[in-house]
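K.L.:
Predicted model and sequence follow; I will ask about them next.
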Amino acid sequence: MTATPAEAGSSTDGTPAILFDGVTKRFGETEAVKDMRIEIRRGEFFSLLGPSGCGKTTTLRMVAGFEQPSDGRIFLEGEPVEAIPPYRRNVNTVFQSYALFEHLNVADNVAFGQQRKKVAKDEIKRNVAEMLELVQLTGREQAKPRELSGGQQQRVALARALINRPAVLLLDEPLGSLDLKLRKQMQVELKEIQREVGITFVYVTHDQEEALSMSDRIAVMHDGHVMQCGVPEDVYERPEEPFVAGFIGISNLVEGTVTDPGTVELASGVSVSAPLPADCRPGDRVRIAVRPEKIAIDQIEPGMVQLEGTVEQRVYLGMTTQITVALGGEARLVALEQNTYRARAEERWEEGHRLTLGWHPEHCLILR
Amino acid sequence: MTAARGQALRLPFSRRGTAGRETRPKEFDRPRFLKWFLVAFLVFTLAPIAIVALFSLNSSKSLQHFDGFSLQWYQDFLNDQQLRESLFASLEIATVTMVVATLLGSTLAYGLVRSRTRFSGATNVLMLIPLVTPEIVAGVSALLLFTQLGMQLSLATIMIAQVTFSISYVTVIVRARLSGLGREVEEAAMDLGATRLQTLRLITLPGLWPAIVAAALLVFALSFDDFVLSFFTTGTSPQPLPVRIYSSIRFGVTPTINAIGTLMMLISVTTIVLAIALPRLVGRREDRTPLLGGEV
């Protein structure tokens, strides 16, 4: 329990924990994963984020050894793994369904990996106790999995997978079947456990908030491709693809045409200034992306881009109110207003009202 | 409405606590006449069996009048060497069929569920054919096959025919359990360092055990009192008990038949009870494999 990240990645020669070198996986005609090239560093909390069917679970299964890549290679701590069967790979998995052994009690479930490695009995006992303490299940050794709650089962699955101290721990949507409150709590605990044991975590999820809050880095996947890979802030604030912008958080995408350098004319006819990349030419079709929380309503500050629109829909979300504004034509923008002690956004804007939207040019992104 | 619900909720305690006092709520949603359906069903199914059992204990030879208890017909049965041979033949057939069919059926179920070949779909359907084929057709075709092959009809041919027929039962039962176990559990075992064989031994088999036991005992019971298949595939001596009874009935029903019938029923009922009870005793509460369709 005292291993620091530096110790866990004992040979600090910079070899990545996992390296995907042009990995492709085909099932018959369909390509589940396409030419994946990413490096996962040692001791990192790395998330594969994407909608269902994007290839993230397949990627995980290839690392675990349950699927073989059709093309390309996977390196685990510098060693190619294609010839190594699942039971000899130095990775362990927390399954989405937990996949606990129903006929064994908690202690035997956790001990299973160590027993296979022929670890001495008293040492296994010590390690099991240590693991159960780590996941706060001390005292439940004799319970059968069925007698535990969802969250407790989840912890058993985690302890069972961690006890062999794998080079990499794979987690396949492990919190998917827990209720919201428990999920939030387990997110924090998982992150703490990862820091404590210093093992590389590869975490598969479709929940963008979960990925943002827990990960050191995120790879956003779509349709078998890695669309973007980076730290959470980059992926959220500087999405490189329309898909990434749209999948992570709510994003407003408005079509427009570059007129002058630094200016985009929107479909509705309004011109706005925007931080255009250097290689944009007048006449290029682009899309402007702005996060809802970056949009000001009616309280326009100097230097902001300004747009007029009509309130089309108002959705009360509790802490915030989501306001959809029609700009004319097909274009729409979604803005989020905090419901503060001063005024509930809810009461300030009626459907059909005219209002002015604004944002600072540096808060919008140009996507092509 | 709320009052009724309150009463219903209290029911388990009040029944235990205040025994004897009339605390049951009126059963609004359960028509009382349904009870009589159940009674009628039980009478129709159990009456003939009860009569056979009763008359097997009759002290006279009459099949109409009960004249007092005696065990003479059981005595007769045990003294009749041919009948005794038939009983052992039937037990032998049932045992061999049980072992072989359970082995083959379980492996087939494992293959069907876990292999991802394109054949498994077709096999899944093919496997059901023995279940829906009229037994008489199965019997005739088995007989034709054995004669075509020039095989001497004997206990062996009965066993072959019955194994073929019984595999499907085992497969259906074991497959249902295996699908319920889920692939991820086996993957988890391999992930934790268990080889394929270790996974099978340590994870899959313990999970399947209740279903396998249930299937084996069911096959034993089915095989032990099977008549149609045995009739077509049996040799002359020794004949399995049901066939033997059938041929002796042609010369008149003696009370010995009642004794044999009662004994056979006891053996079958015992195995069925075991089939239901053993998995529960061996496994945990949740392990109730729905054996004979739904809750048992």
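P.N.:
Okay, I see it.

K.L.:
tell me which parts of chain A are close to chain B?
P.N.:
Counting by Cβ under 8 Å from any Cβ of the partner chain, the positions of chain A adjacent to chain B are A:64-66, A:85-88, A:91-93, A:95-97, A:99-103, A:112-113, A:116-117, A:144, A:146, A:160-161, A:164. Where C-beta positions appear, they are placed from N, C-alpha and C, glycine not excepted.

K.L.:
List buried residues within those residues.
P.N.:
A:64-66, A:86-87, A:91-93, A:95-97, A:99-103, A:112-113, A:116, A:144, A:160-161, A:164 (16 or more other Cβ atoms under 10 Å in any protein chain shown).

K.L.:
and these, which of them are in strands?
P.N.:
Judged by DSSP state E, those include A:V91, A:N92, A:T93 as members of strands.

K.L.:
so can I have TSV of these showing distance to A:T58 and pLDDT?
P.N.:
Output for these, formatted as TSV (distance: Cβ to Cβ, whole Å; pLDDT from 0 to 100):
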residue	distance to A:T58	pLDDT
A:V91	15	95
A:N92	18	95
A:T93	13	95
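
K.L.:
Out of the residues you listed, which is nearest to chain B?
P.N.:
If you rank those by distance to chain B using Cβ to the nearest Cβ, A:T93 comes first, at 4.8 Å.

K.L.:
and the closest one, what does it touch?
P.N.:
A:T93 makes contact with A:L60, A:A64, A:A161, A:L169, A:L170, A:L171, A:D172, B:E187, B:A188, B:D191, according to Cβ atoms under 8 Å, 6 or more residues apart in numbering or on different chains.

K.L.:
between the ones in strands among the buried ones among the residues of chain A next to chain B, which is closest to A:C229?
P.N.:
Minimum distance to A:C229 across these is 19.9 Å, recorded for A:V91 (Cβ to Cβ).

K.L.:
Present the ones in strands among the buried ones among the residues of chain A next to chain B as a markdown table; the columns should include distance to A:E209.
P.N.:
Below are these laid out as a markdown table (distance: Cβ to Cβ, whole Å):
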| residue | distance to A:E209 |
| --- | --- |
| A:V91 | 26 |
| A:N92 | 26 |
| A:T93 | 23 |
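
K.L.:
Tell me the one of the contacts of A:T93 nearest B:P240?
P.N.:
Closest approach to B:P240 among the contacts of A:T93 (Cβ to Cβ): B:E187, at 45.3 Å.

K.L.:
the helices in the stretch 251-368 of chain A, which residues?
P.N.:
A:345-348 (DSSP state H, counting those that start in this stretch).

K.L.:
what bits of it have low per-residue confidence?
P.N.:
By pLDDT under 70, the low-scoring segments of the stretch 251-368 of chain A are A:342-347.

K.L.:
Which residue would be the closest one in it to chain B?
P.N.:
The nearest approach of the stretch 251-368 of chain A to chain B comes at A:G318, 32.8 Å away (Cβ to the nearest Cβ).

K.L.:
Tell me how many other residues crowd the residue lying closest to that residue once chain neighbours are set aside.
P.N.:
Among residues not flanking A:G318 along the chain, A:N339 sits closest, at 7.5 Å (Cβ to Cβ, 6 or more residues apart in numbering or on different chains). Residues within reach of A:N339, counting by other Cβ atoms under 10 Å in any protein chain shown, total 17.

K.L.:
what does A:K118 give?
P.N.:
By the measure other Cβ under 10 Å, the count of residues near A:K118 is 8.
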